[in-house]
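Colleague: Here's my sequence, what's the structure:
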Amino acid sequence: MTRARRRPGAALPVEEVVARYAQGFFPMDDDETAAEIPWYAADPRAVFELDPGARDDVRRRLRRSLARAGPGWELRRDEAFADVLRACARPRVPGDGVWITPRMAEQYGRLHTAGVAHSLELWVDGALGAGLLAIMLGRAALLETMMHRVPHAGNVLLARTLDDLAARGHELCDIQLPTAHTVRLGARALPRAEFDARLRAAVGGG
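Modeller: Residues are numbered from 1 along each chain as shown. Okay, the predicted model is just below:
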């Protein structure tokens, strides 16, 4: 994973943050010595494909979780952005590190105000069961992080999010780094050059 050059000083303007995302970089505040939030580019880069066959494959892999979803499980957008952000910033287990620091949370807040950062949420019988943060640039959806409070809700949210993105005309769903878990769910690892070309096309740069 390569790291973008950074300049010292105050928080980056929203326009520069968006430009870095569009160039294939993503932020991760894992270096307390950095003057600003570090940015990285990964090779390979992980994506969930949005064509019907790929989404059917994800649903097959998540069939047990999807079977748990009842009529009260609803996909919503941006109804609880701050709540999702706070939950994603907490350690998942005691002693676990976090990369969404206060300055990272502030950056997401500015991006949300600008209409770039969004939360996709799964509400379970009227309560927030799971949520994820995403950066939306043109026809590219860059999924940043996820939280869940109800068993199986995270898996259901993923499957429904992919269907929602496809229905809205998105062409690329990025999840940054491949892991054994996401690969089991159907994620695909792309060489950086292929990812960058698809990102440019989805954002609108050719």
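Colleague: for this protein, which helix is longest?
Modeller: helix 153-167 (DSSP state H).
Colleague: Follow the chain on from that helix and name the next helix or strand.
Modeller: Going down the chain from helix 153-167, the next helix or strand is strand 172-176, by DSSP states H and E.
Colleague: Tell me how many other residues crowd the residue nearest to D163 when sequence neighbours are not counted.
Modeller: The spatially closest residue to D163, leaving aside those adjacent along the chain, is R55, at 6.1 Å (C-beta to C-beta, 6 or more residues apart in numbering). The way it works is simple: take the backbone N, C-alpha and C, and place the C-beta from them, glycine included. Residues within reach of R55, counting by other C-beta atoms under 10 Å, total 19.
Colleague: Please settle this for me: is M146 part of a strand?
Modeller: Yes - applying DSSP: H, G, I helix; E, B strand; the rest coil, one finds M146 inside a strand.
Colleague: beta partners for it?
Modeller: In this entry, M146 is beta-bridged to L132, by DSSP bridges.
Colleague: OK, contacts around it?
Modeller: 88, 130-133, 154, 157-158 (C-beta atoms under 8 Å, 6 or more residues apart in numbering).
Colleague: quick one: pLDDT of the residue sitting nearest the centre point of the chain?
Modeller: Centrality entry for the chain: nearest residue to the mean C-alpha point is L143, 1.4 Å, by C-alpha atoms, centre = their mean. Looking at L143, its pLDDT reads 98.
Colleague: Which secondary structure state is assigned to it?
Modeller: strand.
Colleague: State the distance from it to D164.
Modeller: 12 Å (C-beta to C-beta, to the nearest Å).
Colleague: those helices in the protein, which residues are they?
Modeller: Assigned by DSSP H, the helices in the chain fall at 14-22, 52-61, 63-68, 81-89, 102-113, 153-167, 180-184, 192-203.
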